[in-house]
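Participant: Build me a model:
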Amino acid sequence: MGTRWGSMSLAAPLVVLTWGSRDRWAALAVAVVYVLAVGASRVYLGVHFPSDVLAGWCLTVLWVGILVVILLLVTRVLRRYAPTLADWV
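Facilitator: Model prediction:
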């Protein structure tokens, strides 16, 4: 069950983490090749249907996207109130 999500759950956060650097396109290319190879091998070996693999990818991208939005909102709040919080210490 976790294998169809495993490749994307490794690749998607790594792409998100490298997106601000100059290596973003290399990380994206490696991630795409890696995820497609793992997904194709799962279908080829008959372990999963193509719809299973696609659903796993979609759920993982959705989950990573939700986490990125939450982290961005928390970062925005912390940056806004950081000077105020420093006065309390």
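
Participant: need the contact list for the closest residue to M8 other than its chain neighbours.
Facilitator: Closest residue to M8 apart from its sequence neighbours, by CB to CB, 6 or more residues apart in numbering: T60 at 4.0 Å. Quick note: C-beta positions are derived from backbone N, CA and C, even for glycine. By CB atoms under 8 Å, 6 or more residues apart in numbering, T60 lies in contact with W5, M8, S9, A12.

Participant: Mind doing that once more with 10 Å?
Facilitator: Counting by CB atoms under 10 Å, 6 or more residues apart in numbering, T60 makes contact with R4, W5, G6, S7, M8, S9, L10, A11, A12, P13, V35.

Participant: Repeat that for T18.
Facilitator: By CB under 10 Å, 6+ apart, the neighbours of T18 are R24, W25, A26, A27, L28, V30, A31.

Participant: between those, which has the most around it?
Facilitator: If you count neighbours using other CB atoms under 10 Å, the busiest of those is A31, which has 19 neighbours.
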